[in-house]
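Undergrad: Compute the structure for the input listed below.
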Amino acid sequence: MKQIVPEKSSEKLSKFLQKNSLHKRDFAEMIGVTLSYVYNLIDETVPFSTRGTTLERIAAVMEISPEEFGEYRIPQEPILVDELTEMIKDYLHENKMTVVSFLKAFPRKKRLDMVDVLRGALPVPLDYKELKLIGKTLNMPDEEVYYMWETRFKQVLESSGMNIYQNSGLTDAMLACARRYILSGKN
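TA: Numbers count the residues shown, from 1 in each chain. As a prediction, this is how the structure comes out:
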């Protein structure tokens, strides 16, 4: 009987980079590590990362579960699932777009943040221009982009201590004004 040996994490990473014609430098920037670190991971000069954040970023870019890496330890704290992040992932799948091609649509300095959004470590940006870039990349209707912004705006107000329900008149007036401005196309 032949014994199945699980694929090493370094081999899995190397195959992914080759299959996607992704340069190691680009990959390093996407996951927030140095180029030499990526080379060392692949060459097994250093042990494959056991740091949860790094493994989760690698997994997010590779579009796999972090549990597929033998080195991954499930975090003790629960991971919050944000409806806006799930919406972005749904649009990725609808457009048959890979995470790598999605990330390449962003300036290099924003790619790591987008990886962290996809893995649930950062909230969707509040900045409307960033949301508009996400929407444009994913062929998202303007109404959907506005919905993402409004939802995120309400989250920020609530997390800052505002009861948006007791202040619904003010909240509704602000959002009606923002909606007219944003959807008028003047932004």
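Undergrad: ok, for the residue most central in space within the chain, nearest residue in space, not its chain neighbours?
TA: Taking CA atoms, centre = their mean, the centroid of the chain lies closest to L118, which sits 2.2 Å from it. Counting by CB to CB, 6 or more residues apart in numbering, L118 lies nearest to A60, which is 4.8 Å off, once chain neighbours are set aside. The way it works is simple: take the backbone N, C-alpha and C, and place the C-beta from them, glycine included.
Undergrad: quick one: which helix or strand includes the one you found?
TA: Here A60 sits within helix 52-62, counting by DSSP states H and E.
Undergrad: buried set for that helix?
TA: 54-62 (16 or more other CB atoms under 10 Å).
Undergrad: I figured the residue nearest to L118 hits V117, correct?
TA: No. A60 is not in contact with V117 according to CB atoms under 8 Å; the separation is 9.1 Å.
Undergrad: K24 is in contact with S14, isn't it?
TA: No. If you go by CB under 8 Å, K24 and S14 don't touch, sitting 9.6 Å apart.
Undergrad: per-residue confidence for G70?
TA: pLDDT recorded at G70 is 85.
Undergrad: my bad, F102
TA: 96.
Undergrad: show me what contacts it?
TA: F102 is in contact with 92, 114, 137-138, counting by CB atoms under 8 Å, 6 or more residues apart in numbering.
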